[in-house]
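Engineer: this one's sequence-less:
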């Protein structure tokens, strides 16, 4: 079985209880990764310096990487490093609010189903109702389905969320430098093909229908960080320049998607969550 790592704040015992109940039901053994606390991170002098340094770099992004996003990135870094300390070929990394489908254990039995040429498999649905672009026929893959019969499609469009993904050893090696010195939030590092070269190198596959979704639990795990974010927001001319630079930076990606559309190699699909595999007619 592949190792499973769950990122969880020490203060969120309710979320760990939620995840543990799922694991007991599904027969999954998981290792808890203590998450980096954003509020403590922001209060520590050394860490605060790192946050300010990263924030200055990220003013070109969206007003700065706030302590919550930085803590999240560092937490994923801890999980990736824990994985590489094992000899497993791949690992399942989760945030502590991921609701999992019934056939999740089938993914963890081996990597025989894992398509050649990809380093990360995204399980999560999309929180946005907007359809996303996927490869209609990923011919470069050795397989197009999960063990339970769900489809695998090459991701060609940025999708937010990093609550549930499988990553192999090469993928972890690619991602760790980006998480150790984060330029973007965690989900952008992994899945934002528009701006992040790490995401492009990972060659993400998306499972359809999705096998995970974020479960809404009361309270925030990031704490009250609104004041910090507000102080780092861009305004006026700086904001206009920022948007222009982002659009120019994403132009090669947009041209690529247009070319794939013209050749009929991509299609739009809604990424919806389904608790039962396609062949299960009982649900």
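Structural biologist: Okay, I see it. What you see is a predicted model, and the numbers here were worked out from it, not measured in a lab.

Engineer: just the strands in this protein please.
Structural biologist: Secondary structure of the chain by DSSP state E: the strands cover 4-8, 31-34, 90-95, 98-100, 120-122, 132-135, 151-154, 164-168, 205-208, 212-214, 266-269.

Engineer: so which of those strands is nearest residue 111?
Structural biologist: When the strands of the chain are compared for distance to residue 111 using CB to CB, the nearest one is strand 90-95, at 5.3 Å. Backbone N, C-alpha and C define where each C-beta goes, glycine included.

Engineer: list the contacts of the closest one.
Structural biologist: 2-7, 19, 30, 76, 79-80, 83, 107-108, 111, 114, 162-169, 172, 212, 214 (CB atoms under 8 Å, 6 or more residues apart in numbering).

Engineer: please name the nearest non-neighbouring residue to residue 271.
Structural biologist: residue 126 (4.1 Å; CB to CB, 6 or more residues apart in numbering).

Engineer: show me where the chain has helices.
Structural biologist: Applying DSSP state H to the chain gives helices spanning 13-26, 38-43, 45-57, 59-62, 67-84, 105-108, 169-180, 186-191, 197-202, 226-231, 236-249, 251-262.

Engineer: residues near residue 157, how many?
Structural biologist: 21 (other CB atoms under 10 Å).

Engineer: likewise for the one 10 residues further on?
Structural biologist: The number of residues packed around residue 167, counting by other CB under 10 Å, is 26.

Engineer: can you check the one 5 residues further on too?
Structural biologist: A count of nearby residues for residue 172, using other CB under 10 Å, gives 23.

Engineer: that one: what's it in contact with?
Structural biologist: 80, 83-84, 91.

Engineer: kindly report the same for residue 209.
Structural biologist: 125, 150, 271-274, 278.

Engineer: closest one of those to residue 202?
Structural biologist: Once CB to CB is applied, the member of those that ends up nearest residue 202 is residue 271, at 17.4 Å.

Engineer: next one: the closest one from residue 146, what distance?
Structural biologist: Distance of residue 271 to residue 146, given as CB to CB, to the nearest Å: 14 Å.

Engineer: again with residue 117
Structural biologist: Residue 117 is 16 Å from residue 146, by CB to CB.

Engineer: okay, the two: which has more neighbours?
Structural biologist: Ranked by neighbour count (other CB under 10 Å), residue 117 and residue 146 place residue 146 first, with 23 against 12.
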